[in-house]
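Trainee: I'd like to go over a predicted model; first the sequence, then the structure.
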Amino acid sequence: MESMRAVGYTLEAAIADLVDNSITAGAERVDLHFSSEPVDYVAILDDGCGMSEDGAREAMRLAGKSSVAARDAHDLGRFGLGLKTASLSQCRDLVLVTKDETGSVCGFRWDLDHLANVGAWALMKLDDHEISELPHVADFLELATGTLVVWRNLDQLRAQVDPGSKGLDSAFAGVKQHLALVFHRFLAGEHGARFTIAVNHVELQRIDPFLADHRATQPGPPESFDVEGQTIRVQAFTLPMITKMSARDRQRAQVAGRLRDSQGFYIYRAKRLVIWGTWFRILPREELGKLARVRVDVPNSLDHLWALDIKKSAAQPPPIVRQRLKRIADRIIMPSKRVHTYRARPAPGQDPITHAWQLISDGDEFRYEINRDHPVLATLAARLEPSDQATLSALLRIIEDTFPTHDLYNRLGQDAVESTPAPDIHRLSTVAVEVWAEFRKHRPDPDAFIAAMSTTEPFNQLEDPVTLLRQAAEAS
């Protein structure tokens, strides 16, 4: 029992394992409570179908159900170890109290210190008085059916958090995020029933990693393929550009760190998120693909192929699934690349816009130079003496050579939002008048001036550049 504590559960994964049991029991609500006053405890209460005394004793037995036994499609269990290994990874004292449809209440307890003292597999049965002293037992007894799990003597949990109540508060902030993500499809009612998770009486809001409710999210067509007679369903999503996301959207989307780290496959087992933010080495993580996410729905009848671990926090696709995913991988990531490409400028020779910066490409190398032929710059240069023109050219070269490329890349890689100021109409009107004054010396045609400047940065960024440019031409 002591050795089982080292399986590697995090607090988040341990709590999620217990919620799995509640969902399997048909619960519509799970209440998670934690407290450090007057004593440390964690309690998980659900309104599921509960268990008989024999069922409760079996649930407390190690590997009470074979990992290869057939399970219902909605069963989120796997090894028959979750309740015990998850709980004892965080505490030394585990209590289970349950009530089935007959109204009969029973409780059992594993206490690792007691086991060490008696040197035997001594599962303790609780009497009515012991049950009555448990935290939140009054809420439990009000339910028609349900189960209450209590963790006490939180040695492992306490070893991982700061002392005092604030340490537990901080730890459970991560738990809330984890549960809102892992069970987001249940919280959305996709399994066909109402489902709620509350932490210290505060109901969780689901975290949808695909931002499916965002109007700029691009869902791909659903696809499917069969493995051993079972259907695996796949659907790709392309997230909006970060400039179109609110702060809350960005927080929801950054489920594995930065957006770049959160791209990839999201594997669901019976609608429960198991692993996310990985391409399984089918594709590399790259900046152009950071908006691509792929939902993969796998039935629990294929557990034996996916190498699912005890914590249900890691899985590897079998070769036959990898092959199918690899076939569609490039097609899956293309929408994300197109979103970035759309924002980027076309290749030289294909761009109708006169840019202030022009791309100079040489094989795998590239750089940006200020466009000396830009009308505004050309107007300024025409007014300068030759010596001043040389000074202007030197200044432009300094600006080009000191362009903060690496800083820009690092900021964008950290999901910083680029702030682009809106065009200053008054300033652009003044500039347009000055450019027209120089333009008409060589070609006194207002229509030609308007046609040329309306596709020139920054005038092309205006909603109505033609009107502003015509007013500039008529002003002089």
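Mentor: Happy to help now that I have it.
Trainee: and residue 149, what element?
Mentor: Assigned by DSSP states H and E, residue 149 belongs to strand 146-152.
Trainee: next one: residue 320
Mentor: If you go by DSSP H and E, residue 320 is part of helix 319-343.
Trainee: Now do the strand holding residue 149: which elements does it pack against?
Mentor: Using 3 or more CB pairs under 8 Å, 6 or more residues apart in numbering; DSSP states H and E, the elements in contact with strand 146-152 are helix 11-24, strand 41-46, helix 82-88, strand 93-99, helix 137-142. Every C-beta, even on glycine, is put in place using the N, C-alpha and C of the backbone.
Trainee: what about these, which gets the closest to residue 286?
Mentor: Checking those against residue 286 by CB to CB gives helix 11-24 as the closest, at 28.3 Å.
Trainee: okay, now the domains of the protein?
Mentor: Split into domains by automatic domain parsing, the chain comes to 3-203, 218-343, 357-475.
Trainee: Can I get those in CSV including mean neighbour count?
Mentor: Formatted as CSV, these follow (neighbours: other CB atoms under 10 Å):
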stretch, mean neighbour count
domain 3-203, 18
domain 218-343, 18
domain 357-475, 14
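Trainee: Can I get the ones you listed in a markdown table including mean pLDDT and distance to residue 211?
Mentor: Listed next are the domains of the chain as a markdown table, based on pLDDT from 0 to 100; distance: least, CB to CB, whole Å:
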| stretch | mean pLDDT | distance to residue 211 |
| --- | --- | --- |
| domain 3-203 | 88 | 11 |
| domain 218-343 | 85 | 6 |
| domain 357-475 | 85 | 14 |
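Trainee: want to try CSV for these, with distance to residue 209 as columns?
Mentor: Shown next, in CSV, are the domains of the chain (distance: least, CB to CB, whole Å):
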stretch, distance to residue 209
domain 3-203, 7
domain 218-343, 5
domain 357-475, 15
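Trainee: and the longest strand along the chain, which strands flank it?
Mentor: Assignment by DSSP state E gives strand 230-238 as the longest strand of the chain. According to DSSP bridges, strand 230-238 forms sheet pairs with strand 218-219 (antiparallel), strand 223-227 (antiparallel), strand 292-298 (antiparallel).
Trainee: From the rest of the structure, what touches the next helix or strand after the strand holding residue 149?
Mentor: Sequence-wise, the next helix or strand downstream of strand 146-152 (DSSP H and E) is helix 155-160. Residues outside helix 155-160 that contact it (CB atoms under 8 Å, 6 or more residues apart in numbering): 5, 11, 40, 42, 89, 90, 91, 92, 151, 167, 168, 171.
Trainee: between those, which is nearest residue 279?
Mentor: So of these, ranked by how close each gets to residue 279 (CB to CB), first place is residue 11, at 27.6 Å.
Trainee: Would you mind confirming that that closest one is in contact with residue 90?
Mentor: Yes - Residue 11 is within contact range of residue 90, at 6.2 Å (criterion: CB atoms under 8 Å).
Trainee: ok so, going back, in the sheet, which strands lie alongside the strand holding residue 149, parallel or antiparallel?
Mentor: For strand 146-152, the paired strands and their directions (DSSP bridges) are strand 41-46 (antiparallel), strand 93-99 (antiparallel).
Trainee: closest one to residue 318 among these?
Mentor: Evaluated with CB to CB, the strands paired with strand 146-152 place strand 41-46 nearest to residue 318, the distance being 33.1 Å.
Trainee: chain center to that closest one: distance?
Mentor: Chain-centre distance of strand 41-46: 27 Å, with CA atoms, centre = their mean, to the nearest Å.
Trainee: tell me the angle of it relative to helix 11-24?
Mentor: Interaxial angle, strand 41-46 versus helix 11-24 (axes from the mean of the first three to the mean of the last three CA atoms, to 10 degrees): 30 degrees.
Trainee: Which helix or strand lies directly C-terminal to strand 41-46?
Mentor: helix 53-60.
Trainee: Could the C-alpha coordinates of the longest strand of the chain be exported in CSV?
Mentor: Written as CSV, here are the backbone C-alpha positions of strand 230-238 (Å, rounded to 0.1, in the frame of the first residue of the first chain):
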residue,chain,number,x,y,z
GLN,A,230,-14.8,0.4,-33.2
THR,A,231,-15.2,3.9,-34.6
ILE,A,232,-12.6,6.7,-33.9
ARG,A,233,-13.9,10.2,-34.7
VAL,A,234,-11.7,13.1,-35.6
GLN,A,235,-12.4,16.8,-36.0
ALA,A,236,-10.0,19.6,-36.4
PHE,A,237,-10.4,23.2,-35.2
THR,A,238,-8.5,26.3,-36.1
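Trainee: hang on, the earlier thing: in a markdown table: the helices and strands packed on strand 146-152, plus distance to residue 273.
Mentor: Shown next, in a markdown table, are the helices and strands packed on strand 146-152 (distance: least, CB to CB, whole Å):
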| stretch | distance to residue 273 |
| --- | --- |
| helix 11-24 | 9 |
| strand 41-46 | 19 |
| helix 82-88 | 16 |
| strand 93-99 | 26 |
| helix 137-142 | 28 |
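Trainee: Ok, which of the ones you listed comes nearest residue 186?
Mentor: Of the helices and strands packed on strand 146-152, the one closest to residue 186 (CB to CB) turns out to be helix 11-24, at 6.3 Å.
Trainee: Quickly run through the sheet partners of whichever helix or strand comes after the closest one, with directions.
Mentor: Remark: after helix 11-24, the chain's next helix or strand is strand 29-35, criterion DSSP H and E. Strand 29-35 sits in its sheet next to strand 41-46 (antiparallel), strand 196-199 (parallel), going by DSSP bridges.
Trainee: that older thread, include distance to residue 315 when you put the strands paired with strand 230-238 into a markdown table, please.
Mentor: Compiled in a markdown table, those are given as follows (distance: least, CB to CB, whole Å):
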| stretch | distance to residue 315 |
| --- | --- |
| strand 218-219 | 24 |
| strand 223-227 | 14 |
| strand 292-298 | 8 |
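Trainee: Between those, which one is closest to residue 335.
Mentor: strand 218-219 (5.5 Å).
Trainee: would CSV of the strands paired with strand 29-35 with distance to residue 57 be doable?
Mentor: Shown next, in CSV, are these (distance: least, CB to CB, whole Å):
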stretch, distance to residue 57
strand 41-46, 19
strand 196-199, 27
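Trainee: out of the contacts of helix 155-160, who's nearest residue 271?
Mentor: residue 11 (22.9 Å).
Trainee: mind listing what the closest one touches?
Mentor: If you count contacts by CB under 8 Å, 6+ apart, residue 11 has them with 90, 157, 160, 171, 172, 174, 175.
Trainee: Relative to residue 124, how far out is it?
Mentor: Counting by CB to CB, to the nearest Å, the gap between residue 11 and residue 124 amounts to 25 Å.
Trainee: Then residue 304?
Mentor: Going from residue 304 to residue 124 by CB to CB gives 35 Å.
Trainee: Check residue 212 too.
Mentor: Applying CB to CB to residue 212 and residue 124 gives a distance of 47 Å.
Trainee: ditto for residue 41
Mentor: Per CB to CB, residue 41 is found 17 Å from residue 124.
Trainee: for residue 471, same thing?
Mentor: Residue 471 is 88 Å from residue 124, where distance means CB to CB.
Trainee: Please name every helix or strand in contact with the helix holding residue 320.
Mentor: strand 223-227, strand 230-238, strand 292-298, helix 303-306.
Trainee: What separation is there between the nearest residue to residue 473 once chain neighbours are set aside and residue 410?
Mentor: Excluding its sequence neighbours, the residue lying closest to residue 473 (CB to CB, 6 or more residues apart in numbering) is residue 446, at 4.0 Å. Residue 446 is 46 Å from residue 410, where distance means CB to CB.
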